[in-house]
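Participant: Compute the structure for the input listed below.
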Amino acid sequence: MAGNYTHRNLIVWQRAQELGYQVSKLTQRLPQSWANAVLARQIVSAATSMGANIAEGHGRYTPAAHRNHLLIARGSLAETDSWLDQLRRAGHITTAEERPLLQECIEITAMLTKKVLMLDNLLQQGSSSVRESREPYSILEGMEEPPFPFLLDDYLSS
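Facilitator: Sure, this is the predicted structure:
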């Protein structure tokens, strides 16, 4: 099994899984209340669906289906970011605790953007199957500008 190339070999999947785990762990310390249970359920759902959608897309083997699942994962990343903001606003996490999680959201989003653009190229070429490189992803390689027009520090200070 170790020699097989699966979604588990993808750095973007590994990072999404770790982010989902870190978010799940974070919610375990929330005080018990109905509102906090809703927050926890929502953020855990969003954060854990990222890796699941990356894995499902990788297993589809058609550029359009693969791309669709990567875009769903990107949406879940944005949702996770939004829920992290709510946790910070509610005083459940500090800015210092939020910062590395937001940075990871930004970096995983950039990785997914690169993969989506690669799949867009395959679709434009009329390809009906996906064969990925086994090389690690470089987050910003090939991008003319960063995927976000703002800096994390600027975002957190507003």
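Participant: excluding its backbone neighbours, what's nearest Arg60?
Facilitator: Once flanking residues are discounted, Arg60 sits nearest to His66: 4.9 Å by CB to CB, 6 or more residues apart in numbering. Backbone N, C-alpha and C define where each C-beta goes, glycine included.
Participant: ditto for Leu26
Facilitator: Ile93 (6.7 Å).
Participant: mind checking how far the one you found is from Gly57?
Facilitator: 30 Å (CB to CB, to the nearest Å).
Participant: More neighbours: the two, which one.
Facilitator: When Ile93 and Gly57 are compared for neighbours, Gly57 comes out ahead with 26 against 20, by other CB atoms under 10 Å.
Participant: need the contact list for the nearest residue to the more buried one once chain neighbours are set aside.
Facilitator: In space, Gly57 comes closest to His69 once its chain neighbours are excluded; the distance is 2.8 Å by CB to CB, 6+ apart. By CB atoms under 8 Å, 6 or more residues apart in numbering, the residues touching His69 are 53-54, 56-58, 60.
Participant: how about a cut-off of 6 Å?
Facilitator: His69 makes contact with 53, 56-57, according to CB atoms under 6 Å, 6 or more residues apart in numbering.
Participant: And Thr109, by the same measure?
Facilitator: With CB under 6 Å, 6+ apart, Thr109 has these contacts: 74, 77.
Participant: What is the distance between the helix or strand hosting it and the centre of its chain?
Facilitator: Per DSSP states H and E, Thr109 falls inside helix 95-124. Helix 95-124 has its C-alpha centroid displaced from the chain centroid by 6 Å (CA atoms, centre = their mean, to the nearest Å).
Participant: what do you get for stretch 5-14?
Facilitator: So, by CA atoms, centre = their mean, the centroid of stretch 5-14 is 13 Å from its chain's centroid.
Participant: try stretch 72-79
Facilitator: 6 Å.
Participant: Quick check: buried residues in that stretch?
Facilitator: 72-74, 76-77, 79 (16 or more other CB atoms under 10 Å).
Participant: all helices for this structure, in order.
Facilitator: With DSSP state H as the criterion, the chain has helices at 11-27, 34-58, 63-89, 95-124, 152-157.
Participant: so the residue nearest to Arg60 touches Gly57, yeah?
Facilitator: Yes. Counting by CB atoms under 6 Å, Gly57 is a contact partner of His66 at 4.4 Å.
Participant: Go ahead and confirm Ser24 touches Val44.
Facilitator: Yes. Counting by CB under 6 Å, Ser24 does reach Val44; the two are 5.2 Å apart.
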